[in-house]
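J.: Provided below are the primary sequence and the corresponding predicted coordinates.
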Amino acid sequence: MLVEQRQELLLRELRATGAVRVADLAVRFGVSAGTIRRDLSELAALGRLTKVRGGAITAVPAAKPRHEPCPEPVFADGEGPTLGLLVPSATYYYPNVVGGVRAVAARRGARIVIGLTDYAPPRDLQQIDELCSSGADGLLIASASGHYVPEATLERLRATGKPFVLMERHPEDSFEPCEFVVSDHRQGAYRAVGHLHALGHDRVACYLTGSPTAPLVAEGHAHAVARLGLDPSAPVVDGGRPPLGSRQAVRQYDTFIDRCVASGARAALVHSDHDAIELLQRLRARGLRTPEDMALIAYDDEFAALAEVPLTAVAPPKRQLGEQAAHLLLDRLRAPGPLPARQVVLQPTLTVRASCGAAGLAAA
């Protein structure tokens with residue numbers, strides 16, 4: 001295979017998944033890890049991707065969008081700060097957040113150093129220290145823990161003496177004067193259940209995965225069931241994180257379907273896209289149709305549109321979240337004096353497709 005052919009296939013996979021790993025690509029193309037690293041370096045130099053530790057994520061154009069005003073202050077060449085960016089994943093959800101950070105940093109002359117934890121909470125403290133050692137002037141933090149940041153992590157962040165902004169994370173103490181930008185996942189789940197209710201469903205089940213977002217989705221679902229007067233007998237299941245395609249995962253999906261059928265629930269909110277697609281396939285294998293026998297709404301909207309029955313989905317504003325967080329941090333780094341702590345809450349949107357039975361409606 002020619003170098004150009006391999007690199008084009010590499011870019012195709014990156015466009016499809018949002019992130020690639022050196023080890024996986026080396027096995028797939030039958031070349032050494034060093035060869036893949038050289039490919040990534042060449043493509044990064046051309047602006048076609050962004051290298052991260054162990055792989056690459058999609059590139060974000062640095063050019064300012066047409067007609068966009070540029071009121072924000074811009075650092076002169078060579079004078080811009082370094083932003084330390086900590087995220088738990090380079091393959092799902094967070095590539096879009098990273099893209100938003102990168103777009104703002106490019107416009108305002110800042111540099112980014114990224115750290116990854118792969119959802120291993122003990123690595124949070126280590127990565128914070130490494131980002132500071134790499135010269136970060138301020139920190140953007142999406143910790144590997146739950147939605148509420150552990151006090152030990154906040155203590156480490158305060159001890160750095162550097163400004164920081166939390167992303168998709170809250171301090172557990174609601175009176176903590178800490179800056180953050182979050183998606184209102186409760187509102188996103190509420191809106192999804194409300195949409196299914198408007199389509200005539202009086203029982204809406206909920207399938208969750210053991211992620212930091214899951215408890216908030218569950219809260220939004222529960223509030224919608226109570227406020228809209230829905231039948232509470234529809235199952236709510238947190239399936240944890242079994243390996244995709246494993247027997248354990250298949251058993252959990254089948255058990256959830258059995259409980260839906262037994263309770264009379266013919267609609268479900270499913271977090272995440274992965275699980276919604278797996279449930280769609282398990283339903284088909286059992287002779288159940290979507291949306292006729294079971295209407296589905298996915299939560300995340302990473303690749304919900306690519307399902308065999310395109311999935312209606314709740315889309316948290318991931319890119320905008322990264323943009324807002326970067327603006328908050330850069331404003332604070334440049335401010336000549338103290339600024340009030342700012343806390344930003346962004347509303348998810350609902351994109352209507354075929355899986356809920358109302359594909360003809362306009363996207364909300």
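T.: Structure received. Residues are numbered from 1 along each chain as shown.
J.: all contacts plus neighbour counts: C-alpha atoms, from now on.
T.: Fine.
J.: Apart from its chain neighbours, what residue comes closest to Pro348?
T.: Nearest non-adjacent residue to Pro348, counting by Cα to Cα, 6 or more residues apart in numbering: Pro316, 4.2 Å away.
J.: separation between the residue positioned nearest the centre of the chain and Ser272?
T.: Centroid-nearest residue in the chain: Tyr93, 2.3 Å away (criterion: Cα atoms, centre = their mean). Using Cα to Cα, to the nearest Å, we find Tyr93 at a distance of 10 Å from Ser272.
J.: Mind listing the shared neighbours of those two?
T.: Counting by Cα atoms under 8 Å, 6 or more residues apart in numbering, the residues touching both Tyr93 and Ser272 are Asp300.
J.: Tell me who's in contact with the residue nearest to Pro348.
T.: Applying Cα under 8 Å, 6+ apart, the residues near Pro316 are Ser183, Asp184, His185, Gly188, Asp300, Asp301, Gln347, Pro348, Thr349.
J.: With Ala295 instead?
T.: Contacts of Ala295 (Cα under 8 Å, 6+ apart): Arg266, Ala267, Ala268, Ser355, Cys356, Gly357.
J.: what packs against the helix or strand where Val345 lies?
T.: Element membership of Val345, judged by DSSP states H and E, is strand 343-346. For strand 343-346, the packing partners by 3 or more Cα pairs under 8 Å, 6 or more residues apart in numbering; DSSP states H and E come out as strand 180-183.
J.: list the helices and strands the strand it packs on packs on?
T.: strand 164-167, helix 318-334, strand 343-346.
J.: ok so, going back, buried ones only from the contacts of Pro316, please, as a PyMOL command.
T.: Buried residues among the contacts of Pro316 (16 or more other Cα atoms under 10 Å), as a PyMOL selection:
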select buried, resi 183+184+185+188+300+301+348+349
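J.: now for the contacts of Pro316, which pair is the farthest apart?
T.: With Cα to Cα as the measure, no two of those lie farther apart than Asp184 and Asp301, at 15.0 Å.
J.: Adding pLDDT and distance to Val261, write the contacts of Pro316 out as CSV.
T.: CSV is the format used below for the contacts of Pro316 (pLDDT from 0 to 100; distance: Cα to Cα, whole Å):
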residue, pLDDT, distance to Val261
Ser183, 97, 32
Asp184, 97, 30
His185, 97, 27
Gly188, 98, 25
Asp300, 95, 25
Asp301, 94, 26
Gln347, 97, 32
Pro348, 97, 29
Thr349, 97, 29
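J.: circling back: looks like the residue nearest to the centre of the chain contacts Ala315 (just checking).
T.: No - Tyr93 is beyond contact range of Ala315, at 10.2 Å (criterion: Cα atoms under 8 Å).
J.: how far does the helix or strand harbouring Leu9 sit from the chain's center?
T.: Here Leu9 sits within helix 3-17, counting by DSSP H and E. On the basis of Cα atoms, centre = their mean, to the nearest Å, helix 3-17 sits 23 Å off its chain's mean C-alpha point.
J.: Show the contacting residues for Arg241.
T.: Shown in contact with Arg241 (Cα under 8 Å, 6+ apart): Thr209, Gly210.
J.: and it, what pLDDT?
T.: Looking at Arg241, its pLDDT reads 80.
J.: For Asp184, see how far away it is.
T.: For Arg241 relative to Asp184 (Cα to Cα), the value is 23 Å.
J.: intersection of neighbour lists for Tyr93 and Ala315?
T.: Both Tyr93 and Ala315 are contacted by Asp300, Glu302, under the criterion Cα under 8 Å, 6+ apart.
J.: Ala23: which of the contacts of Ala295 is nearest?
T.: Checking those against Ala23 by Cα to Cα gives Ser355 as the nearest, at 35.7 Å.
J.: burial of Arg342, as a residue count?
T.: A count of nearby residues for Arg342, using other Cα atoms under 10 Å, gives 12.
J.: What does it show for phi and psi?
T.: With angles defined as degrees, to the nearest 10, Arg342 sits at phi -120, psi 140.
J.: Does it touch Val182 like I think?
T.: No - Arg342 lies out of contact with Val182 (Cα under 8 Å); the separation is 11.6 Å.
J.: ok, back up a step: can you redo the helices and strands packed on strand 180-183 as JSON lines with mean pLDDT?
T.: Listed next are the helices and strands packed on strand 180-183 as JSON lines, based on pLDDT from 0 to 100:
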{"stretch": "strand 164-167", "mean pLDDT": "98"}
{"stretch": "helix 318-334", "mean pLDDT": "96"}
{"stretch": "strand 343-346", "mean pLDDT": "97"}
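J.: Out of those, flag the one nearest Glu13.
T.: helix 318-334 (20.7 Å).
J.: Give me the buried positions along that closest one.
T.: Of all the residues in helix 318-334, those buried under the rule 16+ other Cα under 10 Å are 318-330, 332-333.
J.: Which two among these are spaced furthest apart?
T.: The distance between the two most remote of these (Cα to Cα) is 22.9 Å, for Lys318 and Leu333.
J.: what about the closest residue to Thr58 other than its chain neighbours, neighbour count?
T.: Spatial nearest neighbour of Thr58, chain neighbours left out: Leu49 (4.9 Å); criterion: Cα to Cα, 6+ apart. By other Cα under 10 Å, 23 other residues sit near Leu49.
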